[in-house]
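A.B. asks: quick one: sequence plus predicted model below, questions after.
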Amino acid sequence: MKFINPFNHLKLIAAIISISCAARAYFVRRGDTLSKIAAKNISTPVYGKNGSLEKILLLNPQIKNADVIIPGQEISLAAPAKEPEFVTSSPERPTVPRKGHAILSVTPEFMSTEIKGIDRLTGAQAHLASKSNFGLTASYGQSWSDNFRTEFYFGLNKLSMKEPGTGGAIANAEQTLFSFGASAGFLLDDEIMVDTGISLSQRPYLKAISESTVNIDATAVPNIFVQSSYDFFKMDPFTIGSSFQVSLDLPTEADGYKTNSNYSYEADIFNKEQISPAIQTEVGLEGRYLQENTSISDQTQIDYGIFFKFQYAFGQGQDQ
């Protein structure tokens with residue numbers, strides 16, 4: 001029968017207690033020298049490389065001269081041990097689905113829009129402002145590895161513009177605009193995500209601008225974009241972050257005019273909540289600036305509003 005030495009248990013208890021304490025300290029007494037303290041308290045040779053005297057000097061950078069110590073001076077004899085970490089809650093839930101997971105999300109948004117345009121031939125100007133518009137985007141994504149995913153999306157936006165500042169009438173003031181596209185996302189680290197993709201989006205362009213009327217024409221424009229997002233604050237289950245997107249609209253033929261190569265910019269700030277391993281919600285503020293020049297007019301568009309996002313990762317809950 002194997003004999004269990006009770007003193008081993010005492011040693012283990014002493015070791016655990018020492019972990020929670022700070023570095024072992026010694027207070028200099030009258031007549032002490034560093035070499036005496038080293039020989040008495042550290043079980044290695046005093047002198048030479050990696051000797052106990054050298055260890056004491058490394059642990060006490062405040063000692064500039066090994067021959068000068070004073071009674072009552074505190075000297076560290078060992079480096080502080082790292083405190084053990086005890087798991088008292090469930091493991092952290094990942095915010096990015098892992099390999100093999102499909103992601104379905106729905107994003108409603110409430111936006112306001114302003115459009116300013118000037119006719120290139122006549123110089124007539126128009127300033128339009130929208131009511132509160134409603135948009136809805138649905139997307140389906142696939143995570144192929146821990147740091148790569150693809151996504152396909154389709155969106156609809158109900159646009160309703162008010163009369164221009166001149167008091168004239170608007171032709172086609174009510175528009176339902178569509179967009180669809182695909183993107184690839186790369187997770188650079190736990191906080192930074194970069195997406196790049198292509199899309200086809202309907203944009204409102206101003207035609208036949210005059211002092212009394214303006215016509216809104218919805219034209220589908222292909223574009224490419226790059227977006228980066230950064231999660232700058234995390235406190236389970238919440239994550240606060242921001243994103244920035246740059247898009248390049250490609251030239252296209254429209255009804256009686258051509259659209260130019262134009263840039264647009266989008267920024268938002270958001271708060272995500274991981275409700276469960278599979279479900280994540282998000283709410284945020286967003287703004288867009290679009291330069292939309294054509295062969296017949298120059299215009300700018302500004303969108304701003306609030307969005308909500310609901311995301312479900314298939315298979316995520318079963319992995320926890």
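C.D. replies: Perfect, thanks for sending it. Keep in mind that this is a model prediction, so the values were computed, not measured.
A.B. asks: tell me the domain ranges of the protein?
C.D. replies: The record assigns the chain these domain ranges, following automatic domain parsing: 6-76, 102-319.
A.B. asks: tabulate those (JSON lines), appending mean pLDDT and mean neighbour count.
C.D. replies: (Glycine included, C-beta is placed from N, CA and C.) Output for the domains of the chain, formatted as JSON lines (pLDDT from 0 to 100; neighbours: other C-beta atoms under 10 Å):
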{"stretch": "domain 6-76", "mean pLDDT": "74", "mean neighbour count": "13"}
{"stretch": "domain 102-319", "mean pLDDT": "90", "mean neighbour count": "16"}
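A.B. asks: from residue 243, how far off is residue 218?
C.D. replies: 26 Å (C-beta to C-beta, to the nearest Å).
A.B. asks: with residue 280 instead?
C.D. replies: From residue 280 over to residue 243 (counting by C-beta to C-beta), the distance is 15 Å.
A.B. asks: pretty sure residue 269 contacts residue 282?
C.D. replies: No - contact between residue 269 and residue 282 fails when scored by C-beta atoms under 8 Å: they sit 11.0 Å apart.
A.B. asks: show me where the stretch 51-200 of the chain has strands.
C.D. replies: Secondary structure of the stretch 51-200 of the chain (DSSP state E, counting those that start in this stretch): strands located at 74-76, 102-119, 125-129, 133-145, 148-160, 169-171, 174-187, 192-207.
A.B. asks: pairing partners for the second one, with directions?
C.D. replies: Same thing as strand 102-119. strand 125-129 (antiparallel), strand 133-145 (antiparallel), strand 297-314 (antiparallel) (DSSP bridges).
A.B. asks: just the C-alpha atoms of the last one, please, in PDB.
C.D. replies: When you say that, I think you mean strand 297-314. The C-alpha coordinates for strand 297-314 follow below in PDB (Å, rounded to 0.1, in the frame of the first residue of the first chain):
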ATOM      1  CA  SER A 297     -26.000  67.700 -63.300                       C
ATOM      2  CA  ASP A 298     -23.700  67.800 -60.300                       C
ATOM      3  CA  GLN A 299     -25.200  66.700 -57.000                       C
ATOM      4  CA  THR A 300     -24.400  65.700 -53.400                       C
ATOM      5  CA  GLN A 301     -26.400  63.400 -51.200                       C
ATOM      6  CA  ILE A 302     -26.300  63.100 -47.400                       C
ATOM      7  CA  ASP A 303     -28.000  60.300 -45.500                       C
ATOM      8  CA  TYR A 304     -28.100  60.000 -41.700                       C
ATOM      9  CA  GLY A 305     -30.100  57.900 -39.300                       C
ATOM     10  CA  ILE A 306     -30.300  54.900 -37.000                       C
ATOM     11  CA  PHE A 307     -30.200  51.200 -37.700                       C
ATOM     12  CA  PHE A 308     -30.900  47.900 -35.900                       C
ATOM     13  CA  LYS A 309     -29.500  44.500 -36.700                       C
ATOM     14  CA  PHE A 310     -30.500  41.000 -35.800                       C
ATOM     15  CA  GLN A 311     -28.000  38.200 -36.500                       C
ATOM     16  CA  TYR A 312     -28.300  34.500 -36.100                       C
ATOM     17  CA  ALA A 313     -25.400  32.100 -36.600                       C
ATOM     18  CA  PHE A 314     -26.600  28.600 -37.600                       C
END
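A.B. asks: that one vs strand 148-160, what angle?
C.D. replies: Relative orientation of strand 297-314 versus strand 148-160 (axes from the mean of the first three to the mean of the last three C-alpha atoms, to 10 degrees): 130 degrees.
A.B. asks: tell me the SS of residue 39?
C.D. replies: Secondary structure assignment for residue 39 (DSSP: H, G, I helix; E, B strand; the rest coil): helix.
A.B. asks: what's the closest non-adjacent residue to it?
C.D. replies: residue 46 (5.0 Å; C-beta to C-beta, 6 or more residues apart in numbering).
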